[in-house]
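Chemist: Here's a sequence, model it:
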Amino acid sequence: MTPPTGTDAAPAVPVPTATAGPRTRTRAPWHVAVTLAVFACAVFLAGHHWPTIEAGAARLAGADPGWLLLGATATLATWVCSALALQGAVTEALPAGRLLAVQFAASAANHVLPAGLGAGAVNLRFLVRSGLSVTRSAAALAVKAAAGAVTRGVLIAVLALADPGLLRRPGLPAVAVAAALLTAVALVTLLPGPLRRASRAVLTDVRSVHRLPGRAAALWGGSLAFSSLHALVVVAVTRALGLPLPADRVALAYLAASSAAVLLPTPGGIGSLDAALALALTLAGAPGSAAASAVIGYRLLTVWLPLVPGLVVLGVLVRRKEL
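Modeler: Numbering: from 1, shown residues only. The predicted structure follows:
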């Protein structure tokens, strides 16, 4: 009786190890592939834009280092504000350190995919990993994006009202304005079922967030500071280059250009924002070559210098299964 028992018990031992081995091996290549794909795209972008980067670096070599340091400090603060705004978009408490690291990584991923899809995908994955459902995570990102658009519009309005000569208001008849409002209301009313349910989910999240004063302050304060700091980066670069432009005019040029660049979905706004910002600075009174240098300096501070560290953080987060 003893030998059959030994032979029957022997096959039962390797069964769990045989099934557990492939499970651990099949997940690792997926994360490695994503990390390598992001790095490959970043190397391609850097190589494609390398002449522009080199020319901008050479021109900025003679710029005022104090103003450049201010611009770099403002760039670092934008990730803190982005983390603050995302925390304000959800009622649950998110891990602060990981949240800040994810914003830094999301800024790098955002320069690979168009129209903010890179940052959106990273933040969506982070929120799901933090325990939120996919629907609530998507709604939180929609709330954050809406708050960013509203605060950018408020800043444009404030600057335009502070100096009416900065922004020329188009002369639209009252009938055209009323027709546009009625069209917007009709589109919202006639939304298909899934889109209507998604809009209701976003409105539900907005109401729940605004029941908590701390969350509402984080959402709106972080969004307002995020746009203001990006405008400050452009102002600092123009001052570093010695451009005789008023700060409010430069800030308005950036806010208008960044709003217009949303309509052209390119990776990280590269190309669309560059052209819009260069045009806006030229219309504000800067010479064409100086406007191009200011755009290059802004890109160096906000994109190319943080790109490699951001990708390293992204790779670490992916490898640790945080994303």
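
Chemist: from what I can see Ala63 touches Ala240, true?
Modeler: Yes - under the criterion of CB atoms under 8 Å, Ala63 makes contact with Ala240 at 3.9 Å. Bear in mind the C-beta positions are built from the backbone N, C-alpha and C, glycine included.

Chemist: who's more crowded, these two?
Modeler: Legend: neighbour count by other CB atoms under 10 Å for Ala63 and Ala240, higher for Ala240 (23 against 20).

Chemist: Which pLDDT value goes with the more buried one?
Modeler: With respect to pLDDT, Ala240 scores 94.

Chemist: ok, back up a step: any residues in contact with both of Ala63 and Ala240?
Modeler: Residues touching both Ala63 and Ala240 (CB atoms under 8 Å, 6 or more residues apart in numbering) are Gly297.

Chemist: buried residues in stretch 206-221?
Modeler: Val206, Val209, Arg215, Ala218, Leu219, Trp220, Gly221 (16 or more other CB atoms under 10 Å).

Chemist: what mean pLDDT would you report for that stretch?
Modeler: 89.

Chemist: before we move on, the earlier item: of the buried residues of stretch 206-221, which belong to helices?
Modeler: Val206, Val209, Arg215, Ala218, Leu219, Trp220, Gly221 (DSSP state H).

Chemist: from those, which is closest to Arg136?
Modeler: Among those, Val209 lies closest to Arg136 (CB to CB), at 11.4 Å.

Chemist: The ones in helices among the buried residues of stretch 206-221 into a markdown table, with extra columns for distance to Gly88?
Modeler: What follows is these, written out as a markdown table (distance: CB to CB, whole Å):
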| residue | distance to Gly88 |
| --- | --- |
| Val206 | 11 |
| Val209 | 7 |
| Arg215 | 5 |
| Ala218 | 3 |
| Leu219 | 3 |
| Trp220 | 7 |
| Gly221 | 8 |
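
Chemist: Nearest to Gly310 among the residues you listed?
Modeler: The shortest approach to Gly310 among these belongs to Ala218, at 22.7 Å (CB to CB).

Chemist: correct me, but the closest one touches Val90?
Modeler: No - checked against CB under 8 Å, the pair Ala218 and Val90 is beyond contact range at 9.9 Å.

Chemist: Now do the contacts for the closest residue to His210 other than its chain neighbours.
Modeler: Counting by CB to CB, 6 or more residues apart in numbering, Ala216 is the residue found nearest to His210 once chain neighbours are left out, at 4.7 Å. With contacts defined as CB under 8 Å, 6+ apart, Ala216 is in contact with Gly88, Val209, His210.

Chemist: for Pro309, same thing?
Modeler: The contact partners of Pro309, taken as CB under 8 Å, 6+ apart, are Phe104.

Chemist: any idea how far it lies from Phe104?
Modeler: Counting by CB to CB, to the nearest Å, the gap from Pro309 to Phe104 is 8 Å.

Chemist: Contact partners for Ser227?
Modeler: Residues near Ser227 by CB under 8 Å, 6+ apart: Gly148, Thr151, Arg152, Leu155, Leu255, Ser258.

Chemist: contact partners of stretch 249-265?
Modeler: 114-115, 149, 152-153, 155-156, 159-160, 163, 166-167, 227-228, 230-232, 234-235, 238, 243, 269, 271-273, 276-277, 279-281, 283-285.

Chemist: Which parts of it count as buried, going by neighbours?
Modeler: 249-258, 260-262.

Chemist: Mind listing what's buried along stretch 286-302?
Modeler: Neighbour count says stretch 286-302 has 286, 290-302 buried, by 16+ other CB under 10 Å.

Chemist: Out of these, which is nearest to Gly97?
Modeler: Thr302 (22.4 Å).

Chemist: With the flanking residues excluded, which residue is spatially nearest to the closest one?
Modeler: Thr75 (5.3 Å).

Chemist: Check which helix or strand that neighbour maps to.
Modeler: For Thr75, the host element (DSSP states H and E) is helix 65-88.

Chemist: next SSE after that helix?
Modeler: Counting by DSSP H and E, what follows helix 65-88 is helix 96-109.

Chemist: Can you list the buried residues in that following helix?
Modeler: Arg98, Leu99, Leu100, Ala101, Val102, Gln103, Phe104, Ala105, Ala106, Ser107, Ala108, Ala109.
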